[in-house]
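1. Provided below are the primary sequence and the corresponding predicted coordinates.
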Amino acid sequence: MTQVQQEILINAPIECVFNIITDYENYSDFLPDMKSVTVESRKDGIALVRFEIELIMRVSYTLRLVEEPPRRLSWTLHYAKMISLNNGSWELEPKDDKTLARYALEVKLRGLIPKSVSTRLLGTTLPDMLQRFRNHAENIR
């Protein structure tokens, strides 16, 4: 099991950042590893969303996301063949007209998934992903 936490300061208001992190269908517009996103259901602040990413190999998983605007998004794994655990959150804190975003992720892969996949996911992909969210928020602000 691998756990990470990172934070990034985004030059955009908290509402803008929250809207971007909950606009799942448009993730592939600015996250190149994201191949497809399907919102299976969304009601009363709870979304069931299927993601497909390409990290050395193609991985698909469905998360149950709990939206608490404008400060928090959390999730748990609903279904995946190659992942046994995927829990995480975005915690947003306003800083004047900027937003401090804290991202936490806990992942455990199933079976004989190469360690290079989890290393890439958390070592390279995560910092790049946070930078891409920041750039996207700052560009559409």
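-> Happy to help now that I have it.

2. which residues touch Phe51?
-> 24, 27, 34, 36-37, 60-63 (Cβ atoms under 8 Å, 6 or more residues apart in numbering). Yep, even glycine has a C-beta here, placed from its N, CA and C like the rest.

3. Then Val59?
-> By Cβ under 8 Å, 6+ apart, Val59 lies in contact with 52-53, 80, 82-83, 117.

4. neighbouring contacts of the host helix or strand of Thr99?
-> Using DSSP states H and E, Thr99 falls within strand 98-109. By Cβ under 8 Å, 6+ apart, the residues outside strand 98-109 that reach it are 1-14, 16-17, 82-94, 117-118, 121-122, 126, 130, 133-134, 137.

5. In strands, which of those fall?
-> Judged by DSSP state E, the subset of the contacts of strand 98-109 located in strands is 2-10, 83-94.

6. Just name the shakiest helix or strand of this protein by mean pLDDT.
-> Ranking every helix and strand in the chain by mean pLDDT, DSSP states H and E puts helix 115-119 at the bottom, with a mean of 63.

7. My read is that Gln131 contacts Ile8, right?
-> Yes - counting by Cβ atoms under 8 Å, Gln131 touches Ile8, with 7.3 Å between them.

8. who has more neighbours, these two?
-> Each of Gln131 and Ile8 has its neighbours counted (other Cβ atoms under 10 Å); Ile8 has more, 16 against 11.

9. In contact with the more buried one, which residues?
-> Ile8 makes contact with 100-101, 103, 130-131, 133-134, according to Cβ under 8 Å, 6+ apart.

10. Nearest to Pro70 among those residues?
-> Closest to Pro70 out of the contacts of Ile8 is Ala101 (11.5 Å), distances taken as Cβ to Cβ.

11. re earlier: for ChimeraX, write the select line for the buried members of the contacts of Phe51.
-> What follows is the ChimeraX syntax for the buried subset of these, where burial is set by 16 or more other Cβ atoms under 10 Å:
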select :24,27,34,37,60,61,62,63
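
12. Columns pLDDT and secondary structure on top of the contacts of Phe51, output as TSV?
-> Written out in TSV, the entries for the contacts of Phe51 read as follows (pLDDT from 0 to 100; DSSP: H, G, I helix; E, B strand; the rest coil):
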residue	pLDDT	secondary structure
Tyr24	98	helix
Tyr27	97	helix
Met34	95	strand
Ser36	97	strand
Val37	98	strand
Ser60	95	strand
Tyr61	97	strand
Thr62	98	strand
Leu63	98	strand
